[in-house]
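Chemist: fold the following, please.
(one chain, ligands or ions: 2)
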Amino acid sequence: MNKVIIVRYCEIHLKGKNRSYFERLLIENIERNLKDIPHTFSKLNARYLIGDYDQADAERIFDKLNKICGIHSYSESFVVDTSLENISQAVLSLAKDVSGTFKIDTNRADKTFCLNSVEVSREMGGVVLDNYPNLKVDVVSPENVIYVDIREGGKTLVFSKIFHGLGGLPTSSSGRGMLMLSGGIDSPVAGYMMAKRGMKLDAVHFHSYPYTSVAAREKVEELAGRVAEYCNGIDLYIVRFTEIQEAIHENCPEELMITLMRRFMMRIAERLALKHGGQAIITGESLGQVASQTIESITSSNSVVKMPVLRPLIAFDKLDIIEIANKIDTFNTSILPYEDCCTVFLPKFPAIKPRLETVLKAEARLNVEELIENALNTVEVVRF
Ligand code: ATP
Ligand code: MG
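Modeler: Ligands and ions are numbered 1, 2, ... in the order given. Okay, here's the model as predicted:
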């Protein structure tokens with residue numbers, strides 16, 4: 001018996017033109033991810049069928065599907081030429097792995113088929129019980145469901161497991177964002193959240209070599225690689241921040257270090273985004289999590305850019321963020337103990353509620369434009 005993988009997509013309520021746009025992107029994304037695995041691809045109403053793959057590749061295909069944004073769920077299914085005989089065979093094949101209670105759930109799109117859906121379910125239920133008398137039918141809350149989908153055109157799909165996909169929207173359907181990626185727990189998760197909403201990502205990382213190590217940078221590259229799997233790749237821009245940090249350290253009050261750094265980071269992120277087609281900046285900030293994430297600090301850093309700054313984690317508790325970091329497998333890398341540029345020259349008592357006036361006064365001692373230009377001249381790009 002042949003097998004196919006049925007892929008269902010999300011946000012079915014998408015209408016008209018939008019829908020074909022989203023579908024086109026999703027199909028492209030699936031095909032791009034499966035390009036190294038021999039298979040065929042076809043459309044079936046609001047679903048896609050992946051067929052003619054080697055059974056040994058099935059797990060690999062599932063792993064890929066698990067990381068494609070916009071997929072609601074998928075199932076591996078038998079596909080047979082429609083006949084009661086063939087359907088019974090497929091149903092029995094699945095029933096041998098069932099224990100406890102079950103029901104058959106039939107959908108009959110092919111109205112020419114000799115039995116209606118209730119009759120097919122009853123017939124197949126009988127076949128299962130004849131062969132596996134220990135099983136019990138429970139139509140209200142069964143432990144197992146075997147689905148029979150009789151399609152127009154002479155094929156029937158028979159499957160029992162529905163795996164959940166990521167949900168969200170297909171990559172590149174919601175514009176392009178510049179993720180400010182530190183080596184911490186939060187920013188990779190923030191990037192993933194926006195990728196899930198269909199945003200294509202670039203990323204920027206600021207390092208303060210030699211105050212920060214090569215290992216710290218490699219850690220960030222590893223994180224970028226992980227997030228890149230959810231959005232068809234990331235271009236990571238690595239910016240040397242050392243001179244800016246030194247200039248702030250030498251010229252400005254110590255307690256404003258982080259506030260001033262953030263303003264530089266934001267400006268540079270915006271310039272890079274503009275240069276590479278980005279429409280928004282993304283950060284991993286969460287309100288009140290640390291001193292630099294008060295509403296006053298956010299106001300101060302926000303005020304230097306025009307682009308929208310997206311903060312998908314703003315209302316998240318740390319534990320909820322960690323749960324997602326584990327799910328996307330970035331947590332264990334994020335907690336590696338390498339210093340971030342924010343921890344170099346860290347003030348003992350950072351300003352928790354910096355007043356914008358005070359910040360502007362301190363910043364006036366710096367040649368902001370020249371520092372930004374110099375930093376931009378150090379940009380290296382790593383592609384994932
Ligand atoms: P994270 O876990 O993402 O590091 P955090 O809780 O440590 O966040 P901060 O260090 O205050 O918070 O950073 C807030 C946000 O600023 C980060 O989520 C990230 O988006 C950005 N950011 C901080 N440091 C850097 C850096 N070195 N390079 C790029 N972005 C950074
Ligand atoms: Mg951090």
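Chemist: hey, let's count contacts and neighbours off CA atoms from now on
Modeler: Will do.
Chemist: my guess is Lys161 contacts Ser75, does it?
Modeler: Yes. At 5.9 Å, Lys161 counts as touching Ser75 under the criterion of C-alpha atoms under 8 Å.
Chemist: these two: who's more crowded?
Modeler: Neighbours were counted for Lys161 and for Ser75 using other C-alpha atoms under 10 Å; Ser75 has more, 19 against 15.
Chemist: hang on, isn't the more buried one packed against Leu157?
Modeler: No. The pair Ser75 / Leu157 is not scored as a contact, 10.2 Å apart, by C-alpha under 8 Å.
Chemist: what segments of the stretch 101-250 of the chain are strands?
Modeler: Taking DSSP state E, counting those that start in this stretch as the test, the strands found in the stretch 101-250 of the chain are 101-108, 136-137, 144-150, 155-159, 163-164, 176-180, 200-207, 235-240.
Chemist: what distance separates the second one from the centre of its chain?
Modeler: Looking back up the chat, that one is strand 136-137. 39 Å (C-alpha atoms, centre = their mean, to the nearest Å).
Chemist: do the same with the first one
Modeler: What separates the centre of strand 101-108 from the centre of its chain is 33 Å, taken as C-alpha atoms, centre = their mean.
Chemist: which parts of that strand are buried?
Modeler: Thr101, Phe102, Lys103, Ile104, Asp105, Thr106, Asn107, Arg108 (16 or more other C-alpha atoms under 10 Å).
Chemist: what's the most distant pair in those?
Modeler: Spanning the widest gap among the buried residues of strand 101-108 are Thr101 and Arg108, at 23.2 Å by C-alpha to C-alpha.
Chemist: and the lengthiest strand in the chain with strand 144-150, angle?
Modeler: With secondary structure taken from DSSP state E, the chain has its longest strand at strand 71-81. Angle, strand 71-81 to strand 144-150, by axes from the mean of the first three to the mean of the last three C-alpha atoms, to 10 degrees: 60 degrees.
Chemist: which elements pack onto strand 71-81?
Modeler: Other elements packing on strand 71-81 under the criterion 3 or more C-alpha pairs under 8 Å, 6 or more residues apart in numbering; DSSP states H and E are strand 2-9, helix 84-95, strand 155-159, strand 163-164.
Chemist: okay if I get the ones you listed as CSV plus distance to ligand 1 and mean pLDDT?
Modeler: Shown next, in CSV, are the helices and strands packed on strand 71-81 (distance: least, C-alpha to the nearest ligand atom, whole Å; pLDDT from 0 to 100):
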stretch, distance to ligand 1, mean pLDDT
strand 2-9, 30, 96
helix 84-95, 45, 98
strand 155-159, 42, 96
strand 163-164, 27, 97
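Chemist: need the helices for the stretch 201-350 of the chain, in chain order.
Modeler: 214-228, 242-251, 257-275, 295-302, 318-327, 331-334 (DSSP state H, counting those that start in this stretch).
Chemist: which one of these lies closest to Glu373?
Modeler: Evaluated over the helices of the stretch 201-350 of the chain, closeness to Glu373 peaks at helix 257-275, with 8.9 Å, by C-alpha to C-alpha.
Chemist: what does the chain put close to ligand 1?
Modeler: Contact residues (C-alpha under 6 Å from any ligand atom) of the chain with ligand 1: 180-187, 204-207, 283-285, 292, 340-342.
Chemist: how about 8 Å then?
Modeler: With C-alpha under 8 Å from any ligand atom as the criterion, the chain meets ligand 1 at residues 179-190, 204-207, 262, 265, 282-286, 289-293, 334, 340-342.
Chemist: which PyMOL command selects the buried ones in those residues?
Modeler: To isolate the buried subset of the residues of the chain next to ligand 1 in PyMOL, counting by 16+ other C-alpha under 10 Å, use the following:
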select buried, resi 179+180+181+182+183+184+185+186+187+188+189+190+204+205+206+207+262+265+282+283+284+285+286+291+292+293+334+340+341+342
